[in-house]
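Asker: turn this into a structure:
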Amino acid sequence: MPTNAERACFEAGIKFGSLYHQFAGTPVSPDSARSLERAMEEAIENQPFCESVTVEILDEEVAAAIEHEHGYAELTGRFVEAEMRIRYEDVSVRTRMEMEEGYPLMKLVSVDEK
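Answerer: Model prediction:
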């Protein structure tokens, strides 16, 4: 049987998979970024064991990527920084997604057992 810490880490991975793959390719502009951030946060917070989600869409990166007259870019990991806190039983897991060497890396920041 997995430990509570292993289960909490697994749950965090599931939520990051949802966050990234559900929204990748969504049209985004600096004007629509705040509403998309909220939609992403609320969608993930609906999932079991999720305590909090913070999504930041990087406006300057989005604006620099807009290449056509329609005024938007497709959301990719290079435009997003996210943090999550997952709780499973007595374990709280903190995670983060940010660009590292050109790749949107999702990582475990801390595992706290109480």
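Asker: residues touching the residue nearest the centre of the chain, list them.
Answerer: Nearest to the mean C-alpha position of the chain, by CA atoms, centre = their mean, lies Ala82 at 4.1 Å. Counting by CB atoms under 8 Å, 6 or more residues apart in numbering, Ala82 makes contact with 16, 19, 40, 53-56, 96-97. C-betas here are computed from N, CA, C, even on glycine.
Asker: ChimeraX command for the buried members of the residues you listed?
Answerer: Command for ChimeraX that selects the buried part of the contacts of Ala82, burial taken from 16 or more other CB atoms under 10 Å:
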select :16,19,40,53,55,96,97
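Asker: of the contacts of Ala82, which is the nearest to Thr3?
Answerer: Phe16 (19.9 Å; CB to CB).
Asker: count the residues that sit near Val28.
Answerer: Using other CB atoms under 10 Å, Val28 is surrounded by 24 other residues.
Asker: hey, what's it bridged with?
Answerer: Listed by DSSP bridges, the beta-bridge partners for Val28 are Ala73.
Asker: okay, helices next: where are they in the chain?
Answerer: Secondary structure of the chain (DSSP state H): helices located at 4-23, 33-45, 59-65.
Asker: and the contacts of the second one?
Answerer: This means helix 33-45. By CB under 8 Å, 6+ apart, the residues outside helix 33-45 that reach it are 15, 18-19, 22-23, 26, 28, 50, 52-57, 59, 62, 75, 82, 84.
Asker: the closest residue to Phe10 other than its chain neighbours: neighbour count?
Answerer: Closest residue in space to Phe10, ignoring its immediate chain neighbours: Pro2 at 7.1 Å, by CB to CB, 6 or more residues apart in numbering. Neighbourhood size, Pro2 [other CB under 10 Å]: 10.
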